[in-house]
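# Show me how the following folds:
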Amino acid sequence: MNTVRRAAAALAAAAVVLGTGAALPAAADTPSPSASGGTSTGGLYGTGDPTYDGVWRQSLAFLAQRGTGFQPADQSVDWLLRQQCADGAFSSYRADATKPCDAKTMRDTNATALAVQALGAVRRQAADPEKVDKAVKAGHGWLRSVQNKDGGWAYTPGGPSDANSTSVITGALSATGVRPGSFTSAEGRTPYDALLTFAVPCSDKDGAGAFAYQPDKTGKLLANADATAAATLAGLGKSVVSTKASPEQAPTCQDLTKPTVERAALNGAAYLTKALAKTGHLTAPPMPGSTDTTEKPDIGNTADAVVALAAAGAAQQAQPALEWLEKNSADWAKQSGPAAYAQLILAARATETDPREFGTADLVEQLNALGPAPKSPDTSAAATSDDEESGFDIWWIIGIGTVVGVGIGFLVSGRKK
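Predicted coordinates:
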């Protein structure tokens, strides 16, 4: 799907990167000499231009590493901490983090939410846990300050709420110990109230059960697979760090007289099942201005859909898409960089698939090689307890296979703007 980050990154690179999921707004990972601190030696993952996705890809890499038992290097955590503004917000990327944020600094609700989630995940093993904890709380405070009246959020403060941004933030709150239902606007509306306004009814023959990004100009809700994957996870109180739910169930679309966000999320899973059934993957429309008008496989959003289905108890329905990803994602991940590898790792994790044997790829090794070497997996009881307390579980131990746990919280990937 088209997103602000992906469109901006494509323009910056003067090329269209096809198949990038909204959860992964990554530009091609080619060196950018103009990016201050943009090399792995500065703590940032990847060497691609970080202008539009620096904070996002760093945060997503952290989540994938924690999901496979690794703790990011201290210098990587410090890099992310330095990106935060004094008011608790994050921008997509600040080239000179020594300068304080001012009124002209564009705050990014999505980057803020994912950074808060990532910092919450690495906090207990960080060099300065108190500093990280303060950053998480400051992020919570800023997100509350820019919550819209309807309980949702826009990509940038002041705009109308959209399903993707609301979903990313809802998951980050859950993952860092905040009940989204208690995170109310001044008018008493919750993020769940906002999400329900984007749910397409089952009676809609074209988009039954889906979520819209936003209503169109006429107020109609148009199905959006990107938004649906994100909102399905958020409605279930989960994120892309989730493992599969049990018991297994084939999702169906059911409208209720009094709708609940959980029912809307399961309806979203039903839509995703149908969307994936024909080819095993989602498709992306042409980028604006492209001379190629054919739809291409959307690898990033397909990975998001796999996680959403697994979290909804439909891992069996997600299996063909996972197998398609194993066969078709290698070139995309290599071109797109750390966020792409992270997203694939989390899709593998959600389906109890070993990310070290993802098709012919070792996703864990490939991600870890794109930044400062992370700390080795810590399987001590204390480390496991810390991760579970912050919303994560050490489910996979290197060399042993897969140990299933239940992750809470959520992410998306994709935010269409």
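
# Now do stretch 360-373: everything it contacts.
Residues from elsewhere that reach stretch 360-373 (Cβ atoms under 8 Å, 6 or more residues apart in numbering): 29, 40-41, 43-46, 61, 64-65, 68, 70, 72-73, 75-76, 330, 333, 337-338, 341-342, 344-345, 348, 355-356, 374, 398. For the C-beta atoms, the positions are set from N, CA and C on the backbone; glycine is no exception.

# ditto for stretch 146-162
The set of residues that contact stretch 146-162 without belonging to it, under Cβ under 8 Å, 6+ apart, is 4, 106-110, 143, 163-166, 169, 183-187, 189-195, 197-198, 213-214, 227, 415-417.

# re the thing from before, list only buried entries from the contacts of stretch 360-373.
Buried positions within these, assessed by neighbour count (16 or more other Cβ atoms under 10 Å), are 29, 40, 43-46, 61, 64-65, 68, 70, 72-73, 76, 330, 333, 337-338, 341-342, 344-345, 348, 355-356, 374.

# that older thread, got a ChimeraX select line for the buried ones in the contacts of stretch 146-162?
One line in ChimeraX is enough to select the buried ones among the contacts of stretch 146-162; burial here means 16+ other Cβ under 10 Å:
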select :4,107,108,109,110,143,163,164,165,166,169,183,185,189,190,191,192,193,194,195,197,198,213,214,227,415,416,417
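
# Pro377 and Gly69 touch, don't they?
Yes. When contacts are counted by Cβ atoms under 8 Å, Pro377 is listed as touching Gly69 (3.5 Å).

# Which residue of these two possesses the greater neighbour count?
Gly69 (22 against 18; other Cβ atoms under 10 Å).

# circling back to that earlier point, let's see which of the buried ones among the contacts of stretch 360-373 end up in helices.
Ala61, Ala64, Gln65, Ser76, Ala330, Ala333, Pro338, Tyr341, Ala342, Leu344, Ile345, Ala348 (DSSP state H).

# and which of those is nearest to Ala265?
Nearest to Ala265 among those, counting by Cβ to Cβ, is Ala348 at 22.0 Å.

# and the residue nearest to that closest one when sequence neighbours are not counted, what is it in contact with?
The shortest distance from Ala348 to any residue that is not its chain neighbour, by Cβ to Cβ, 6 or more residues apart in numbering, is 4.1 Å, and that residue is Pro355. Under the criterion of Cβ under 8 Å, 6+ apart, the contact list for Pro355 reads Thr68, Leu344, Ile345, Ala348, Arg349, Asp362, Leu363, Val364, Trp396.

# Present those as CSV; the columns should include pLDDT and distance to Cys101.
Compiled in CSV, the contacts of Pro355 are given as follows (pLDDT from 0 to 100; distance: Cβ to Cβ, whole Å):
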residue, pLDDT, distance to Cys101
Thr68, 95, 33
Leu344, 98, 33
Ile345, 98, 31
Ala348, 97, 36
Arg349, 95, 34
Asp362, 98, 39
Leu363, 98, 34
Val364, 97, 34
Trp396, 37, 37
